[in-house]
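In: Coordinates for the following, if possible.
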Amino acid sequence: MGYVYVLLTILLTTYGQLAIKWQVTLAGPLPGTRAAQVDYFIALLLNPWVVSAIAAAFAAMLAWMAAMTRFELSQAYPFMAANFVLVGVGSVWLFGEPLTMNKVLGVALICAGLFVVARG
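Out: Here you go, the predicted structure:
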């Protein structure tokens, strides 16, 4: 069950990052004046998708606390690197961000590191 909690943490965190990026992109650039910036952030904080991302972050925290009852931190925390992989893949797929050789190499190194950690 411990690995389910770790997986939930990863998936919820990834969802939150992608949802916030999506909604911030739709909202446009941050305005220049302080008053407009306050309005911008209030509108985002009232956006149902952003609210769901905040809820996902809270749920991820709860899942992580549950995972910590099953694993040592040094055993579970390296799996959080999977967020880099999932967010990277999601940003290419959902937002059309460029997939460069450096990104592919970085993701491959993260996956190799996860494999090493999982075996040890």
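In: For residue 70, which non-adjacent residue is spatially closest?
Out: Nearest residue to residue 70, sequence neighbours excluded (Cβ to Cβ, 6 or more residues apart in numbering): residue 2, at 3.0 Å. Heads up, the C-betas are built off the backbone N, CA and C, glycines and all.
In: Neighbours of that neighbour, how many?
Out: Counted with other Cβ atoms under 10 Å, the neighbours of residue 2 add up to 14.
In: And it, how close does it get to residue 34?
Out: Distance, residue 2 to residue 34, by Cβ to Cβ, to the nearest Å: 46 Å.
In: in the protein, which spans are helices?
Out: 2-27, 34-46, 48-68, 73-76, 82-95, 101-119 (DSSP state H).
In: Quick check: buried residues in the last one?
Out: The neighbour-count criterion (16 or more other Cβ atoms under 10 Å) identifies 103, 107, 110, 114 as the buried residues of helix 101-119.
In: and the least confident of the residues you listed?
Out: Minimum pLDDT for the buried residues of helix 101-119 is recorded at residue 114 (82).
In: Look up the closest residue to that one, ignoring the ones flanking it.
Out: The spatial neighbour of residue 114 that comes closest, neighbours along the chain excluded (Cβ to Cβ, 6+ apart), is residue 81 at 6.0 Å.
In: How about the contacts made by that neighbour?
Out: Going by Cβ atoms under 8 Å, 6 or more residues apart in numbering, residue 81 touches 110, 113-114.
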